[in-house]
Each structure stands twice: as C-alpha cells, then as structure tokens.
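**Student:** Let's see this in three dimensions:
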Amino acid sequence: MNKIIKLSPWALLAIISFIVIFACSFYAHTNYRVFAYDQDIFYVIGRNWAEGKLPYVTAWDSKGPFIFFFNMLGYLITKSDIGVVLLESINFTLVSWCSYFLLSKYCSKKTSFIYTLFFIASHIIINSGGDQVGDSNLLLSVISIFLVYNWNRKYQDGIIEHPWKYTFIYGLFFASCLLSRLTNAVAICASILAIVSILVYHKKWNNLIKNSIAFIAGCCTFALPFIIYFNIHNALSDMWYATFLYNIEYAMHSQPFAITETHFPLIYFIFYNISILSVLLSAIIAIICNTRKKTAYIWGFIAICTIGWIIKSYANANYTISFLPILFVAFIELSTLYKTDKKKLYLAGIYMISIVILIGTSNYIRTTMYYESIAREMRKDAQYQIDMINNIPKEDSFIIYNGLPYVFATQNIRPYYPYWICQDWAIDNGMSLRSKVRDCYAKGDVKWIIAYDYEHSHIKDILLDRYSISKKDKKNKLTLFRLK
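**Tutor:** Numbering: from 1, shown residues only. Next up is the predicted model:
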C-alpha cells in the first residue's frame, strides 16, 4: 500500500471519488432514481436556469440560488442529470485532494491517505443520494475547518492573533451557506464565536477589526454576484423570500423528531453524526488525559453547538455533510495524542474501530431495511402520474399539483407555474406562501391540472370553481382537471 500511495495518491483519490459519487448517486441508478426528490427539484430549476428561465420566478423552491447554480452548471455539461453527477464527482475529487493535502501538514502521507479514505467512507452514509446542498459548499467547508484548526494549534502554543486571510475564507463559506442553506454554517459560526470571544478576552481589538472586515469582504465576494444578478432581473425580493423569509417560518414550524422517531432517534443520531461525535469524543479524551486542553475546549464547544442545532432541527442525514470535515480534527488530535504518549494508542484504536462499525452498520440499515420497498412504491406512484399525463393532448399546457419532481425531471417537463412541486406541504410549513400559491392558480391560464388528493388541498375551491373534472383515479388519489 505504501508503494501505491507513494506513486499516485492524487490519482487514487480521484478514481475513488468518482466511483463513490457514481455508486451513491440516485441519478446513476434506475432502481433508486425515484428517490432523488430534493435533487430533482434542484435539477429541474437548474435546467430551467440553463435555458434562460429565472429561478423563483419560473420555478420556486425554498433554497438559496447557489444549489440551483451548481445544478445549472452540471446540466450544461451533458444536457442531462448525469452532468450533475460528473460535476459533483469533480467537486468531490477536489474535496478529497484538498483534505489529503491539508492533512499531510499534520500527519504522514500514509496516515493522511487513510484518514481521507475514512472521510470518504463517512460521506457515503450521509450523502443521501448525492447532489445535496451540503455537497456544493463542501470544499469551502474543508478549507475553513482546517484554517480554524490551524489557528487553534497556534493558540494552543500561545499565539493568540487570528490571521485575517483565514477569516476571508470563512466569509466565502458563510455566504455560500447563506445562499444555499444557512444552517450549514452552524459549525463555522460556532468557530467564529469562539475566536471572537478569545480575541475580546485578550483585548486584541485591532486584530478583531481586521478579521471583521475580512469576513465581510469574503461574504460580499461570494454573495454580491448573485444579489446583483437577481436585482438586475427584478427578482431580488423573490430570492430573499425563498432563501430567508419563508425559511424562518419553516424553522419555527420544524418538528425535529417527526423524521427520527420512527427510525430510533439515538441510533439515527449516532450513525449520521459521526464527525460531530468524533471531535467531541477526541476532546473528552484530551481532557481526561490532561493534555491540549485549549484545543479540546474549543472543539468541544463547536461540537456541542452543532449538536444542539441538530437536535432542534429535522436532522436529515445529509444536513451534516457540511460538518463532515470536523472529522479531520478528531483524526489529527488523536494522532497528536499517540505521538505524545503511546499508551493512548489504545484509546485511539478503539475510537477508529468504532467509526468502522458505525459506517458498516448504518449503511446496512439504510440499504437493506428501507430503500427497496419504498422505491417500489414510489416508482408506482410516479407511473400513475405519468399515465395521467398521457390523457392530456401534447400541445396543451398542464401542471401537477402535489406531484413528484421525478416526473418533471425524467419526462423532460418544464413547470408551467412557479409553484410546481409539493405545494400543500410547502404551505403547511410556511403559511405566507398560501396566498402566493392561491393567486397563481386562481389567475393562471394552465389548461390542465393533475392534482393529488385535491380534496384536502389548499386550492380545492379554486379547482372546483375554475376547472371541471375530466378523469379520476380514486385508488391513487389522482384527479385530472380541465379549464372550463
């Protein structure tokens, strides 16, 4: 293995990264393609954008524009969803290269390579089919976490001041989260809070000011192009609403155990939050061993803040992708403990074995107990919607209400209205959206509407007033409406 790593670690990591992304991507697997729910939303909006149709105005979703931009670039590569997989593979290769390079600053090349493989393996169980929001800014997350750690090591040795260049990168990463999903920035925000607190405690006011300016500059560098673009196209308010205002309502409505209760919350949390628990464990070990306490307390604080958010959120597995680079801190700290006292190798070994067990067990649970049966049912539901579409003349306009994004993505359908997917769910999680959706369907001119469970929809009265029922599939709760 030494010879292989010495010859070409970069090529090996590139090959492994491409294999992992293609192996895990819902887009690359016919059986699991229907699972790409969020991914298909991002893809359809990105495809629209590539064709000159503005996000939010022509196709709405409650995410910032960065993930749509990422999918737009992917679509432009091959004019299909495989282009997104290729772009993600390139991105993940850069992530693995960067991880290996930065790890080698603290560990041997062999150890760095092994740790990078652990990182890749950990990513497999939380990527949820690929093309997630956290994947698009994972490279900036890796760099930011390493920079925080690099300063942390200097602080451990008595150097207090924080380099402003580091903070500029934090600003880039924070802005990328701001324009995708803000909660991805929880760990870096906790890191910044720790840094600011230390600078204030030691009265490093000049350094604090320089870092503040650098952070703002980093944010502006990333965010301004998007802000200017949407402002020029008179869609800035639409972007702000979808990115921030709606999500404030969504966050207030969140029920964190709605997802995890049926899947054993404690087990779910342990399996899918390896990085956070790892660094917390390494911090506890350091404190017990009475060594490197400054580092232990800082990363313990970051871990606790992040865990606190996860417990209060929906806690989907892919929400922790942006936190995954924290795993490297645990690896490096354990390696440092090993170098200073070989007796602690036992603790490090137990710790590493635990990670392997978690990876294997969680992956088994996900693939064998959940995917197959659910995929079969979802494919049937999608086919029912496609069959209903076949009743509509090809030249006529139509929209699906409460349909599957899979149908839009795979049948090459462009949304006729901006509110084109999971409409009732979105309204239930943010009531300010209700009037927008109702106005759209009350004033729009789409000729056909396929509605799922219209009896309980927020536009039932509009459908019955403006449309006549053309066909019903009572068994599958689908109704085809035709404009009167």
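**Student:** quick one, helices of the stretch 151-300 of the chain?
**Tutor:** In the stretch 151-300 of the chain, the helices defined using DSSP state H, counting those that start in this stretch lie at 164-178, 186-201, 205-232, 236-240, 246-253, 257-260, 265-272, 274-288, 293-312.
**Student:** Any idea which of the ones you listed gets closest to Asn429?
**Tutor:** Closest of these to Asn429 is helix 246-253, at 4.9 Å (criterion: CB to CB). Any C-beta I mention is one placed from the backbone N, CA and C, and that applies to glycine too.
**Student:** can you give me the angle the strand or helix carrying Thr111 makes with helix 274-288?
**Tutor:** With secondary structure defined by DSSP states H and E, Thr111 is part of helix 109-124. Helix 109-124 and helix 274-288 meet at an angle of 130 degrees, taking axes from the mean of the first three to the mean of the last three CA atoms, to 10 degrees as the criterion.
**Student:** pLDDT of whatever helix or strand comes next after helix 109-124, averaged?
**Tutor:** As assigned by DSSP H and E, the chain's next helix or strand after helix 109-124 is helix 133-136. For helix 133-136, mean pLDDT is 94.
**Student:** Poorly predicted segments of the stretch 251-400 of the chain, please.
**Tutor:** Filtered on pLDDT under 70, the stretch 251-400 of the chain yields the residue ranges 254-274, 313-315, 340-370.
**Student:** hmm, try it at 50
**Tutor:** 256-264 (pLDDT under 50).
**Student:** Can I get stretch 393-402 in PDB? Just the C-alpha atoms.
**Tutor:** Output in PDB follows, covering the C-alpha atoms of stretch 393-402 (Å, rounded to 0.1, in the frame of the first residue of the first chain):
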ATOM      1  CA  PRO A 393     -53.100  16.500 -25.600                       C
ATOM      2  CA  LYS A 394     -49.400  17.100 -26.300                       C
ATOM      3  CA  GLU A 395     -50.000  20.700 -27.400                       C
ATOM      4  CA  ASP A 396     -51.900  21.700 -24.200                       C
ATOM      5  CA  SER A 397     -50.400  23.200 -21.100                       C
ATOM      6  CA  PHE A 398     -50.500  21.400 -17.700                       C
ATOM      7  CA  ILE A 399     -49.200  21.400 -14.200                       C
ATOM      8  CA  ILE A 400     -49.100  18.700 -11.500                       C
ATOM      9  CA  TYR A 401     -50.300  19.700  -8.000                       C
ATOM     10  CA  ASN A 402     -48.600  17.800  -5.200                       C
END
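**Student:** What are the buried residues along that stretch?
**Tutor:** By 16 or more other CB atoms under 10 Å, the buried positions in stretch 393-402 come out as 398-402.
**Student:** and those, which of them are in strands?
**Tutor:** Among these, DSSP state E puts 398-401 in strands.
**Student:** Nearest to Asn247, out of these: which one, please.
**Tutor:** The closest of these, once distances to Asn247 are taken by CB to CB, is Tyr401, at 22.5 Å.
**Student:** quick one: strands adjacent to the helix or strand that Lys472 is a member of?
**Tutor:** Element membership of Lys472, judged by DSSP H and E, is strand 467-473. Within its sheet, strand 467-473 is paired with strand 478-483 (antiparallel), according to DSSP bridges.
**Student:** Could I get the average pLDDT for the strand it pairs with?
**Tutor:** Rounded mean pLDDT across strand 478-483 is 98.
**Student:** what do you get for stretch 210-226?
**Tutor:** Per-residue pLDDT over stretch 210-226 has a mean of 98.
**Student:** Report the buried residues of the strand holding Lys472.
**Tutor:** Tyr467.
**Student:** Okay then, goodbye and thanks.
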